[in-house]
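Novice: Sequence and predicted structure are below.
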Amino acid sequence: MRHPWAAHIVAIILALIGLVLLVGGAWLAVLGGSVYYLLAGIVMVAAGWHLWHARLLGGWLYVALFVITALWGLAEARGNAWAMVPWLVAPLVMLVLVALAMAAIAASPRRWRLAGGGIAVAVVAVVAIFAVLGQDDATVLALPAASSQGMADPSGLATGRDWPAYGGTYANWRYSPLTAINPANVGHLQVAWQAHTGGLPRDPDFAKLYGTENTPLKLGNLLYSCTAKNVVVALDAQTGREAWRYDPQVPDAWIPYTTACRGVAAYRVPGEADGTPCALRVIEGTLDSRLIALDARTGQPCREFNGNGQQDTKIGMGPVFPGLASINSAPSIVRGVIVVGHQILDGQSRQSPSGVIQGFDARTGKLAWAWDMTHPDWTGYPPAGQTWTRGTPNMWTGSTADEKLGLVYVPLGNVADDYISTGRTPEENAYSSSIVALDATTGRPRWKFQAVVKDVWDYDFGSPPSLIDYKGTPALVIPSKQGDFFVVDRATGKSLTPIGTIRAPQGGVEPQERAPTQIESLWNTVRKPPMVEADMWGMSPIDQMLCRIQFRRADYRGYFTPPRADRHTVQYPGYNGGSDWGGVSIDPLRGVIVANYNDVPNYLKLVPRAEADRRGIKPRFASQKISPKSHSVDPQWGVPYAIDVNAGWRVPWTGLMCKRPPYGGIRAIDIATGRTLWDRPLGTARRNGPFGIPTALPLTIGTPNNGGAVTTASGLVFIAAATDDLIRAIDLRTGKTLWNAPLPAGGQATPIVYEAGGREYLAIFAGGHHFMETPAGDSVIAYALPRG
């Protein structure tokens, strides 16, 4: 009998893996989970024992297990090719080793040829399974015909030659009427120019928080961009050559969770002749909560604006520790009023700065009004000795404005302690996680639309809504982190599309606070069905098994499972959406919404205050530290619990997510009917992989994404956003990618489309993002068709 050393090594590997699966599988079975891993562990231990004794039976046992594993995986995959990775890839590697061990044991002179043939058959079978499951079988419905009139934009602005506001206009369509770049020629796009704005981090702590998220404006011959620390840079629209820059000197201490400068705004002073200093102004909000007004031609401060070209928006807030209040989104300007909110740093303290919404005169820089939800009678700064109410829901993202109605639509977040609702005031409960329509000239609320009652999931409204026409009614389409799309009358807030109610799971640490029902959209939602154990994933059966054990140990009773302190809970979808700050794109001619979205859970647990104190979990003003990682613990001082959130539910040893792909997608929705025209995963696996090692696979997996899309009249959708560092053009008709190009850094931003010198350009700021773990950069890149 042959006793080759190779067979002994394979036998040991089989037995060790089998023992892990046996023990973990027994635990999972006791928890009520799949028995596969227990059975697989028993078979692998037996196979190892027989191979150690040079018996071919050990090899055949593993061959049988491989076949059963593939069939078991197919049954659970439900047509998802990526779901088969833990069922096929690592087991196939093990099969190769087993086949070689069997060849070493066998006495046949053809043993190596037979082993090679068997391996080849197995590889072909695995490839065939992935190929069949990976076929494009997405349902595609007919695109609505383009209307000659389309929807009306009440903002008074227009895209085409220019891109005058963050969302194209304050209607937030992110749409261009240009048609020179079209589905037939988009494959010929090439880099026209690339400019470097500077501002890359040198300080390692700064690098951990870097992520510009910037969308430039284009007005006349210049593009206006801003860097991570609010340096405004004006670039020639045809060449990328720098025209001017202005540095507001933001101290590093004021950097919040992310160094975001999503964009600037522009304001043309009525009655001022072109060429007059500050007739056209660039308005920027800074990380240290100032409004800056600059001459769009020269970059010089506009002295008429508060006497020095800037205004402190923290006045009236009381003490503000650096980093706890910042402006990271472009303000809206409606009826001559700059409407601005603040990002109040999440999870720090119940006594964080106020979420007050303010309106400033765009010409003089003086406060026009302020809306503090708990002091509705205050119309200006607080009375002497008082401050705006601390810790109230805030607007950290951008707003939307209707110049005709004189309304600004403010997406509100949650109170400062996101995951505990006890102790909130009636006003905070009434307005948290709501869209509020404010009168642009007085700041008084007209109506509100609330999507979550007593939110303890951080389901704030991160997306600026968009103005649309819905069956003849001026309307507002509202994307949510929960994945729902709501359509309301923008004059009254009344819902125009069906809304249902669902029973919400009860319990948690404050069961008396939980609402018995929550609302959901019956019109359209990207939210997927509740997760099941079979949705757990990994790079191998061991990872998958451990994620299944976590799933079974956690409390998960579907949508709105409340957080707990005695065990983990699964939140699905997580706080990154659904939709986030990138918003949606609207094709006003065809009546189509294009929405990119995330599809990842969070794994979280409340931490009792005594334990948090022992672990040294303190707010930023006490520790002067902030975690930039996706797995962090927020102190929530002032309430009985801190919160430990594993965003994306990632496995610490591989960095992969416990939920199987896809993790993000993009969808087209017919506004007239609410039907989904197509829905596809967004993003490839080229920059993703276990242990942070890119796989370089150009295969579509559907990655997490941040940033938005731009739609054009020619039927194209331009988007980056995904973690694969690609910008791509998608056919609006089918959802298929027609062109892509690699970016020098992460594309977590929304691109723009404009015309200059008779040439159409596509431009994007490739700045990267720490949370999305994409490379940092400072490039503004413009693409165009070849001349001639």
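Specialist: Received, thanks.
Novice: can you pull out the helices in this protein?
Specialist: Assigned helices in the chain, in chain order: 5-30, 36-52, 56-77, 85-105, 111-133, 204-207, 426-431, 541-553, 609-614, 620-623 (criterion: DSSP state H).
Novice: Please name every helix or strand in contact with the fifth one.
Specialist: Put plainly, it is helix 111-133. helix 56-77, helix 85-105 (3 or more C-beta pairs under 8 Å, 6 or more residues apart in numbering; DSSP states H and E). Yep, even glycine has a C-beta here, placed from its N, CA and C like the rest.
Novice: again, but for the second one
Specialist: On a contact count with 3+ C-beta pairs under 8 Å, 6+ apart, helix 36-52 meets helix 5-30, helix 56-77, helix 85-105, helix 541-553.
Novice: Of those helices, which is nearest Gln386?
Specialist: For the helices and strands packed on helix 36-52, proximity to Gln386 was assessed by C-beta to C-beta; helix 541-553 is nearest, at 47.8 Å.
Novice: what comes up buried for that closest one?
Specialist: Residues of helix 541-553 classed as buried: 541-552 (neighbour count, 16 or more other C-beta atoms under 10 Å).
Novice: Could you find the residue nearest the spatial middle of the protein?
Specialist: For the chain, the residue sitting closest to the mean C-alpha position, by C-alpha atoms, centre = their mean, is Asn706 at 3.9 Å.
Novice: My guess is that one contacts Gly767. True?
Specialist: No. Using C-beta atoms under 8 Å as the test, Asn706 is too far from Gly767 to be in contact (11.2 Å).
Novice: Need the overlap of contacts for those two.
Specialist: Counting by C-beta atoms under 8 Å, 6 or more residues apart in numbering, the residues touching both Asn706 and Gly767 are 213, 748.
Novice: so where's the protein shaky on pLDDT?
Specialist: Applying pLDDT under 70 to the chain flags the ranges 1-3, 110-111, 114-115, 133, 135, 137, 624-631.
Novice: can we see that at 50?
Specialist: Residue ranges of the chain with pLDDT under 50: 1, 630.
Novice: still on that earlier bit, if you compare the helices and strands packed on helix 111-133, which one is most tucked away?
Specialist: Counting by mean count of other C-beta atoms under 10 Å, helix 85-105 has the highest mean neighbour count of the helices and strands packed on helix 111-133, with a mean of 21.
Novice: Just the CA coordinates for that helix, please, in PDB.
Specialist: C-alpha atoms of helix 85-105 as PDB (Å, rounded to 0.1, in the frame of the first residue of the first chain):
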ATOM      1  CA  VAL A  85     -18.800  31.600  -4.700                       C
ATOM      2  CA  PRO A  86     -18.600  29.900  -1.200                       C
ATOM      3  CA  TRP A  87     -20.200  26.800  -2.500                       C
ATOM      4  CA  LEU A  88     -17.900  26.300  -5.500                       C
ATOM      5  CA  VAL A  89     -14.600  28.200  -5.400                       C
ATOM      6  CA  ALA A  90     -12.900  27.000  -2.200                       C
ATOM      7  CA  PRO A  91     -14.400  23.500  -2.500                       C
ATOM      8  CA  LEU A  92     -13.000  23.400  -6.100                       C
ATOM      9  CA  VAL A  93      -9.500  24.200  -4.800                       C
ATOM     10  CA  MET A  94      -9.900  21.400  -2.200                       C
ATOM     11  CA  LEU A  95     -11.100  19.100  -5.000                       C
ATOM     12  CA  VAL A  96      -7.900  19.700  -7.000                       C
ATOM     13  CA  LEU A  97      -5.800  18.800  -4.000                       C
ATOM     14  CA  VAL A  98      -7.900  15.700  -3.300                       C
ATOM     15  CA  ALA A  99      -7.600  14.600  -6.900                       C
ATOM     16  CA  LEU A 100      -3.800  14.900  -6.700                       C
ATOM     17  CA  ALA A 101      -3.700  13.000  -3.500                       C
ATOM     18  CA  MET A 102      -5.800  10.200  -5.000                       C
ATOM     19  CA  ALA A 103      -3.400  10.100  -8.000                       C
ATOM     20  CA  ALA A 104      -0.500   9.800  -5.600                       C
ATOM     21  CA  ILE A 105      -2.200   6.900  -3.800                       C
END
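Novice: Can you spell out which helices and strands pack onto it?
Specialist: On the basis of 3+ C-beta pairs under 8 Å, 6+ apart, helix 85-105 makes packing contacts with helix 5-30, helix 36-52, helix 56-77, helix 111-133, helix 541-553.
Novice: next one: it to chain centre, how far?
Specialist: Computed by C-alpha atoms, centre = their mean, to the nearest Å, the chain-centroid distance of helix 85-105 equals 39 Å.
Novice: Then stretch 113-129?
Specialist: Distance, stretch centre to chain centre, for stretch 113-129: 40 Å (C-alpha atoms, centre = their mean).
Novice: Contacts for that stretch, please.
Specialist: Under the criterion C-beta under 8 Å, 6+ apart, residues 66, 70, 74, 81, 84, 88-89, 92, 95-96, 99-100, 102-103, 106, 108 lie in contact with stretch 113-129.
Novice: How about the contacts made by the residue nearest to the centre of the chain?
Specialist: Taking C-beta under 8 Å, 6+ apart, we find Asn706 in contact with 213, 576, 580-582, 721, 748, 769, 771-772.
Novice: coming back round to it: between the helices and strands packed on helix 36-52, which one is closest to Arg202.
Specialist: helix 541-553 (36.9 Å).
Novice: Counting by contacts, list what the closest one packs against.
Specialist: By 3+ C-beta pairs under 8 Å, 6+ apart, helix 541-553 packs against helix 5-30, helix 36-52, helix 85-105.
Novice: What lies in contact with that helix?
Specialist: Helix 541-553 is contacted from outside by 17, 20-21, 24-25, 27-28, 31-34, 37, 40, 69, 86-87, 90-91, 531, 533, 536-538, 567-568, 570, 603, 649, 651, 653-654, 656, 658, using C-beta under 8 Å, 6+ apart.
Novice: are any of these buried, and which?
Specialist: Neighbour counting with 16+ other C-beta under 10 Å marks 17, 20-21, 24-25, 27-28, 33-34, 37, 40, 69, 86-87, 90-91, 531, 533, 536-538, 568, 570, 603, 649, 651, 654, 656, 658 as buried within the contacts of helix 541-553.
Novice: and stretch 305-316, C-alpha only, in CSV?
Specialist: The C-alpha coordinates for stretch 305-316 follow below in CSV (Å, rounded to 0.1, in the frame of the first residue of the first chain):
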residue,chain,number,x,y,z
PHE,A,305,-22.0,90.3,1.9
ASN,A,306,-22.0,91.0,5.6
GLY,A,307,-19.2,93.6,5.2
ASN,A,308,-16.4,91.0,4.7
GLY,A,309,-17.7,88.4,2.3
GLN,A,310,-18.6,85.8,4.9
GLN,A,311,-21.2,85.0,7.5
ASP,A,312,-20.9,82.8,10.6
THR,A,313,-23.9,80.4,10.6
LYS,A,314,-23.2,79.2,14.2
ILE,A,315,-24.4,82.5,15.8
GLY,A,316,-27.3,81.6,18.1
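Novice: And it, how far out from the chain middle?
Specialist: 32 Å.
Novice: what's the answer for stretch 15-28, then?
Specialist: In terms of C-alpha atoms, centre = their mean, the centre of stretch 15-28 is found 36 Å from the chain centre.
Novice: Please apply the same query to stretch 602-621.
Specialist: Counting by C-alpha atoms, centre = their mean, stretch 602-621 comes out at 25 Å from the chain centroid.
Novice: so how far is the first residue of it from its last?
Specialist: End-to-end span of stretch 602-621 (C-alpha to C-alpha, to the nearest Å): 26 Å.
Novice: quick one: contacts of that stretch?
Specialist: Outside stretch 602-621, the residues that touch it by C-beta under 8 Å, 6+ apart are 321, 323-324, 345, 348-349, 419-420, 509, 550, 554, 563-565, 567-572, 574-575, 623, 626, 633-635, 637, 640-649, 658.
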